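1. Only the shape, not the letters, is given here:
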């Protein structure tokens, strides 16, 4: 698939709907066969929406109210194994509860699609967004995407099934959506027609792995050291091939729907001549763009990069984009306690992505917006100033800065511990 | 040329099997231990299920010892499912079949869905999923729990269905504590039956009574779903006995009244075979010592342990209203009539029976005629 020629837009209608509702609309258009739900906020309103559509006859699917997330994900996995297009989802600790089932969905190479309504992990309990829940599958073979708007949520759900079900990929895909900020905020969304969606996403075909009496195969036997490494290598190959499949699907999306993202992997804003850049994921992108406009108005050459696909990670794009940029601030809405520079997961990934570069920008890790705390324009302006200062001072190894957090920078107990250590 | 396919003829639901097909759908290719009764259960199950069947199985002996890659005993489509997800695998599989048939993507036909699990996977970790599966009346599915009374594949650790007092890797007998398996075995089929009026068929079976077991599996599949069958399978490695005695030990467990052969079809409870004769007083139960003394896992038992074990077995036969099935020994209306001729349940006989509120209005424990109906 190489054509990117845009034709007349397919018949669409416009609706004001939430991020979760936008995903539900995509599921209806995709004629998803089996959906399993289990209640946890905030992802659950997608299941509320689809169960209503099924009850009203707008959608033909089996909807199962599972008795736990583990069962929910196993139901999705086994339905997918029979050849049904399956959908699951969760948030926060619910996603964690079903982790075993998520892992085997990926290792069985089943193209289930999930919505993760990002939510802080317990304890203490919190409804608000944090990206750590979805991050837990980043090493297991799940394709992972962070959306910014309800429109992107709908479009990416279509792309997710197309990519996941592609024979070259055959991996599950999780769509991450900031809890509350996007799951429950309304946007104007263009909802495509069913015929165009059918053209974009071909029917799901599991081929010779289909679980059916006509195909008496034994699925997922014991491998042990004889074969596990080869199986891992095959999943790795699927993930490597996903990049080309995503590019192809995005181009096809343009052709069929007459719109779509400029770049499949990253969303860039005013990066053309940028000397400084801020990078983040999810809804922080909206705030980031406003902050960039304000800084540009003040004469600063600043741009914003929003990472969309986290798996596969857009290393080539980031290396190209940040070449020539002097200083970069990474805004993590997650934590990875004890990691490099005490930064978040995105920071660590970007640092690794830039390592092969001959000239690397100054990279400053930030953690902000945990547990649903707002990340404001002012927060981003503050981060950019910190990046500029570090760049000017030539400090290339600034440890992670927490933004918008109460309390002293240093815990008094740290000094006590140091003194104690010194005395020994 | 391939042998002619022999398939079980369509039978009326709940009719005793009189002929069996030549074909085996669980064959060579496994590496279960000598004397493994659970492997025999798999063979029985697959034989009566026939070729239009999908089987999922949880992690456990019947996963690890059955399906080493490049070798499988399954002539049926079989898929692994996680230890605690027998019920969810059945729901997911059955739901997908249903919707794909409805949408015309696969041919409309009856396909059996069987999810098997072990005492650990089904009775412990996956119990909630069995509960969920038995609530969902939209789907035809059978959960088969093969009970070999320990986590046998992981080196014999106690499960919630390991008998009281048995030595396992996690419940040794020590110099200070003779008994460390303090839990009395949970009664999973009765637990599921009592709590799931939506379940259409429940059965307790034994690997030692193959025809009865196959009857039950076949009845469950004919009924449709949701259904549940449990089998009691002696395990030479886990129970510490000579493998050639496996089958005899399964039979002995029934003779001693430890394993109770019963089923419940659409709310009608019945006993089978030897158990039925015991319930009707035609055959005396053997002492449990005959069973316990043949197994190394009970070798540390002193007489008082055996007496305790016997007393608990006696209680479930002599004090429970449904002997060996449900631990209810008294109703608000006193005991149920026990003369065996014309039971008149107080519910149906007005308020008269309500006076016997626990003051021994019933006679000595004995089987009641309301249960134990004949098959066929």
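-> Yes, it's here. Note that this is a predicted model, so its numbers are computed, not measured. Numbering: from 1, shown residues only, chains lettered A, B, ... in the order given.
2. so which residue of the stretch 101-250 of chain B comes closest to chain A?
-> residue B:132 (4.1 Å; Cβ to the nearest Cβ). Yep, even glycine has a C-beta here, placed from its N, CA and C like the rest.
3. Test my guess that that residue contacts residue A:71.
-> Yes. Using Cβ atoms under 8 Å, residue B:132 makes contact with residue A:71 at a distance of 6.3 Å.
4. residues shared between the contacts of the two?
-> Common neighbours of residue B:132 and residue A:71, counting by Cβ atoms under 8 Å, 6 or more residues apart in numbering or on different chains, are B:87, B:88, B:91.
5. Assign the spatially closest residue to residue A:234 that is not a sequence neighbour to helix, strand or coil.
-> For residue A:234, ignoring the flanking residues on the chain, the nearest one in space by Cβ to Cβ, 6 or more residues apart in numbering or on different chains is residue A:109 at 7.7 Å. Per DSSP: H, G, I helix; E, B strand; the rest coil, the local secondary structure of residue A:109 is coil.
6. what sits against residue A:109?
-> Residues in contact with residue A:109, defined by Cβ under 8 Å, 6+ apart, are A:141, A:170, A:171, A:209, A:234, A:235, A:238.
7. what do you get for residue A:11?
-> Residues counted as contacts of residue A:11 (Cβ under 8 Å, 6+ apart) are A:192, A:193, A:196.
8. Residue B:233 too?
-> Listed by Cβ under 8 Å, 6+ apart, the contact set of residue B:233 reads B:36, B:37, B:38, B:40, B:41, B:146, B:147, B:148, B:206, B:207, B:250.
9. Now with 10 Å, please.
-> B:36-42, B:61-62, B:118-119, B:146-149, B:152, B:205-208, B:246, B:249-250 (Cβ atoms under 10 Å, 6 or more residues apart in numbering or on different chains).
10. Inside helices: which ones of those?
-> B:37, B:38, B:39, B:40, B:41, B:42, B:61, B:62, B:246, B:249, B:250 (DSSP state H).
11. how about the residues you listed in TSV, adding distance to chain A, pLDDT and neighbour count?
-> Below are those laid out as TSV (distance: Cβ to the nearest Cβ, whole Å; pLDDT from 0 to 100; neighbours: other Cβ atoms under 10 Å in any protein chain shown):
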residue	distance to chain A	pLDDT	neighbour count
B:37	21	97	25
B:38	16	97	26
B:39	15	97	22
B:40	19	97	22
B:41	18	98	29
B:42	13	98	28
B:61	12	94	28
B:62	12	94	30
B:246	24	96	24
B:249	28	97	23
B:250	27	97	24
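12. could you pull out the strands for chain B?
-> Along chain B, the segments classed as strands by DSSP state E run B:53-58, B:78-81, B:112-118, B:142-147, B:201-206, B:227-232, B:262-265, B:268-271.
13. Rebuild the ones you listed as JSON lines, extending it with distance to residue A:290 and mean neighbour count.
-> Compiled in JSON lines, the strands of chain B are given as follows (distance: least, Cβ to Cβ, whole Å; neighbours: other Cβ atoms under 10 Å in any protein chain shown):
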{"stretch": "strand B:53-58", "distance to residue A:290": "51", "mean neighbour count": "27"}
{"stretch": "strand B:78-81", "distance to residue A:290": "48", "mean neighbour count": "27"}
{"stretch": "strand B:112-118", "distance to residue A:290": "53", "mean neighbour count": "30"}
{"stretch": "strand B:142-147", "distance to residue A:290": "55", "mean neighbour count": "29"}
{"stretch": "strand B:201-206", "distance to residue A:290": "62", "mean neighbour count": "28"}
{"stretch": "strand B:227-232", "distance to residue A:290": "59", "mean neighbour count": "28"}
{"stretch": "strand B:262-265", "distance to residue A:290": "66", "mean neighbour count": "24"}
{"stretch": "strand B:268-271", "distance to residue A:290": "70", "mean neighbour count": "18"}
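14. Assign a three-state SS to residue A:294, would you?
-> Under three-state DSSP, the three-state class of residue A:294 is helix.
15. That one contacts residue A:270, correct?
-> No. Counting by Cβ atoms under 10 Å, residue A:294 sits too far from residue A:270 to count as a contact (11.4 Å).
16. Flag every residue of the stretch 101-250 of chain A that's near chain B.
-> A:101, A:103-104, A:108, A:203-205, A:209-224, A:226-228, A:231 (Cβ under 10 Å from any Cβ of the partner chain).
17. Out of those residues, name the ones that lie in strands.
-> Judged by DSSP E, these include A:218, A:219 as members of strands.
18. Just the buried ones from the residues of the stretch 101-250 of chain A next to chain B, in ChimeraX syntax?
-> Listed next is the ChimeraX selection for buried residues among these, using 16 or more other Cβ atoms under 10 Å in any protein chain shown:
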select /A:101,103,104,108,204,210,211,212,213,216,217,218,219,220,221,222,223
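19. separation between the nearest residue to residue A:370 once chain neighbours are set aside and chain B?
-> By the measure of Cβ to Cβ, 6+ apart, the closest residue to residue A:370 outside its immediate chain neighbours is residue A:130, 5.3 Å from it. Residue A:130 sits 27 Å away from chain B, going by Cβ to the nearest Cβ, to the nearest Å.
20. Likewise for residue A:80?
-> 8 Å.
21. how many neighbours does that residue have?
-> 30 (other Cβ atoms under 10 Å in any protein chain shown).
22. Can you mark which positions in whichever strand or helix holds it are buried?
-> Assessed by DSSP states H and E, residue A:80 sits inside helix A:69-82. Buried residues in helix A:69-82, defined by neighbour count with 16+ other Cβ under 10 Å: A:69-82.
23. Identify, from those residues, the entry nearest to residue A:334.
-> residue A:69 (20.0 Å; Cβ to Cβ).
24. coming back round to it: which one of the strands of chain B lies nearest to residue A:383?
-> Of the strands of chain B, the one closest to residue A:383 (Cβ to Cβ) turns out to be strand B:78-81, at 46.7 Å.
25. Just give the strands next to that closest one in its sheet, each with its orientation.
-> Sheet pairing of strand B:78-81 (DSSP bridges) gives strand A:218-219 (parallel), strand B:53-58 (parallel).
26. Quick one: these as TSV, columns for distance to residue B:140 and mean pLDDT too.
-> Shown next, in TSV, are the strands paired with strand B:78-81 (distance: least, Cβ to Cβ, whole Å; pLDDT from 0 to 100):
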stretch	distance to residue B:140	mean pLDDT
strand A:218-219	21	96
strand B:53-58	11	98
